[in-house]
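1. 3D model of this:
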Amino acid sequence: MFNDPRSHGLWEKTAPQPPVTSVLEGATEADVVVVGGGYTGLSSGLHLAEAGSRVVLLEAKEIGFGGAGRNVGLINAGMWVMPDDLPGVLGPVYGERLLDLLGNAPQLVMALIEKHGIACELEKQGTLHCAVGPDGLKEVAERYKQWSARGAPVALLDADETAKRIGTNVYAGSLLDMRAGTLQPLAYARGLAHAAQKAGVVLHTASPVIATERQGSRWLVKTERGQVSAEWIIVATDAYSTGPWEQVRNEQVFLPYFNFATVPLGHNLRQSILPNREGVWDTKEILSSFRMDQAGRLVFGSVGALRNTGLSVHKGWAKRSLKRLFPEIGDIEFECEWYGQIGMTDNALPRFHKFAPNVIGFSGYNGRGIAPGTVFGRTLAEHILGRMGEADLPLPLTDPREPSFRTLRELWYEAGAQVAHFADARF
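-> The predicted model follows:
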């Protein structure tokens, strides 16, 4: 996008075309203005329009420009925080409510894909959270214990079964989560956009919001070339927020994350490496993730930014690491490379904000945007439609708050990832 091959890489190369959109020009009216064309914004717009609401969606760049078009494509259940810890962080009501909602969130993603016929390379074979060493095995075993106690379809696999499923023997075991899966993330976002447009959502791209103004019981949402009058505003801009809601971006610490996609692997390699096409990530502090696309490309990523010296450092590390994982792969070439920013909150949990009367939004997905973004979008729609009161939402109302030393931490994460990858390709 925007002449930058490192912004969306493989996903832009292989995704179906987005719907035809336009720049907002002149004045119009709606029941709800949705700001942001990622998973949350598109899901909320789709669900509102299907219920009969007039919706205008304003996207500053293009559909899926932010995290929705750059992520790995893992449809994960839950969050990074251990299930048993959530009630202690959020309280028993919100903690259990969020666990239930996000634990089942992949089901909504898959149901929407089926309902709307979204072509996004959906795979339903689950994900593998792989244990690096004894400490990693303890971590995944504890996650298994806590999720299985809640009835989740998870299994703790030993090293041998993990090796059979992945094609490498470097892991001490893994947690298989059958609620989860993989997809082509930009294709999913564009598919949601097509479905939303078909349901009646008016989509405007290249239309960043520059100001809002309260007029009686309604809001006037202004862009450079137009304005929308509406009763409600949904803020769905998350970590890429600018303009009136830049506070959402400032509440999060950027963690850069890159991906490389190999050329399509040969038939024999596809039979031995991830033959069931599970998505994979590991327990290292500077984690790695990988999965296979439908053409047989291995998509491999980790923390870091592909700019300046980071490009050569991370590419060299990725090639060494793949060769260590899968010696038979040899000196594989990369077809695409790209990176983006993960927005991390202080407690690794999302937020619910009310910025003003009838101006609401969820944010802070901490690298888990696909399922949470989709289900939070539906939740916002249900709240606006009067089907869910504020007291029934999955998160308590909080005010945006900038974390301490945010800029320094962001610099540290980017530099630290380079140092780690330059020094170590071991698992």
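
2. go through stretch 411-420 and flag the buried ones.
-> Y413, E414, A417, Q418, A420 (16 or more other C-beta atoms under 10 Å). The way it works is simple: take the backbone N, C-alpha and C, and place the C-beta from them, glycine included.

3. got it, and stretch 325-342?
-> L325, F326, I329, I332, F334, C336, E337, W338, Y339, G340, Q341, I342.

4. which of the residues you listed scores worst on pLDDT?
-> Among the buried residues of stretch 325-342, I332 has the lowest pLDDT, at 90.

5. host element of that residue?
-> Assigned by DSSP states H and E, I332 falls within no helix or strand.

6. give me phi/psi at it?
-> Main-chain torsions, I332, degrees, to the nearest 10: phi -70, psi 150.

7. quick one: contacts for it?
-> Counting by C-beta atoms under 8 Å, 6 or more residues apart in numbering, I332 makes contact with T262, V263, L265, L298, K319, L322, K323.

8. pretty sure the fourth one sits against A261.
-> Yes. Contact status for L298 versus A261: in contact at 7.3 Å, counting by C-beta atoms under 8 Å.

9. who touches both of those two?
-> Between them, L298 and A261 share no contacting residue under C-beta under 8 Å, 6+ apart.

10. can you dump the C-alpha coordinates of stretch 65-83 into CSV?
-> What follows is stretch 65-83 as a C-alpha-only set of coordinates in CSV (Å, rounded to 0.1, in the frame of the first residue of the first chain):
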residue,chain,number,x,y,z
PHE,A,65,-4.3,-0.5,6.6
GLY,A,66,-3.4,-0.9,10.3
GLY,A,67,-2.8,-4.1,12.2
ALA,A,68,-5.7,-5.8,10.4
GLY,A,69,-3.6,-6.0,7.2
ARG,A,70,-0.2,-6.7,8.7
ASN,A,71,-0.6,-9.4,11.4
VAL,A,72,0.5,-13.0,11.3
GLY,A,73,-3.1,-14.3,10.8
LEU,A,74,-3.5,-16.4,13.9
ILE,A,75,-7.2,-16.6,15.1
ASN,A,76,-6.4,-17.0,18.8
ALA,A,77,-8.8,-17.5,21.7
GLY,A,78,-8.3,-15.5,24.9
MET,A,79,-5.4,-13.1,25.7
TRP,A,80,-1.8,-13.3,26.9
VAL,A,81,-2.9,-13.1,30.5
MET,A,82,-3.4,-16.5,32.1
PRO,A,83,-7.1,-17.4,32.4
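
11. I118 against L186, yeah?
-> No. Using C-beta under 8 Å, I118 makes no contact with L186, being 11.6 Å away.

12. give me the more crowded residue out of the two.
-> L186 (29 against 23; other C-beta atoms under 10 Å).

13. the more buried one is in what secondary structure piece?
-> Here L186 is assigned to helix 185-199, by DSSP H and E.

14. quick one: mean pLDDT over stretch 375-385.
-> 98.

15. what does stretch 394-412 give?
-> 94.

16. what are the buried residues along it?
-> Under the neighbour-count criterion of 16+ other C-beta under 10 Å, stretch 394-412 has P394, L395, P400, R406, R409, E410 buried.

17. tell me which entries of those residues lie within helices.
-> R406, R409, E410 (DSSP state H).

18. show me what contacts the last one?
-> With C-beta under 8 Å, 6+ apart as the criterion, the residues that contact E410 are V253, F254, L255.

19. of the residues you listed, closest to Q146?
-> L255 (24.6 Å; C-beta to C-beta).

20. so A196 sits against G45, correct?
-> Yes. Assessed by C-beta under 8 Å, A196 is found in contact with G45 at 4.7 Å.

21. mutual contacts of these two, please.
-> Residues within reach of A196 and of G45 at once, by C-beta under 8 Å, 6+ apart, are V55, L57.

22. who's more crowded, the two?
-> Using other C-beta under 10 Å, the more surrounded residue of A196 and G45 is G45, with 34 against 29.

23. pretty sure V154 sits against Q146.
-> No. With contact defined as C-beta under 8 Å, V154 and Q146 do not form a contacting pair (9.4 Å).

24. with neighbour numbers in mind, choose between these two.
-> Neighbours were counted for V154 and for Q146 using other C-beta under 10 Å; V154 has more, 22 against 18.

25. T379 sits in which helix or strand?
-> Secondary-structure assignment from DSSP H and E places T379 in helix 370-384.

26. and that helix, what does it pack onto?
-> Helix 370-384 sits against helix 39-50, strand 74-75, helix 92-103, helix 105-116, helix 185-199, strand 232-235, strand 359-363, with contacts defined as 3 or more C-beta pairs under 8 Å, 6 or more residues apart in numbering; DSSP states H and E.
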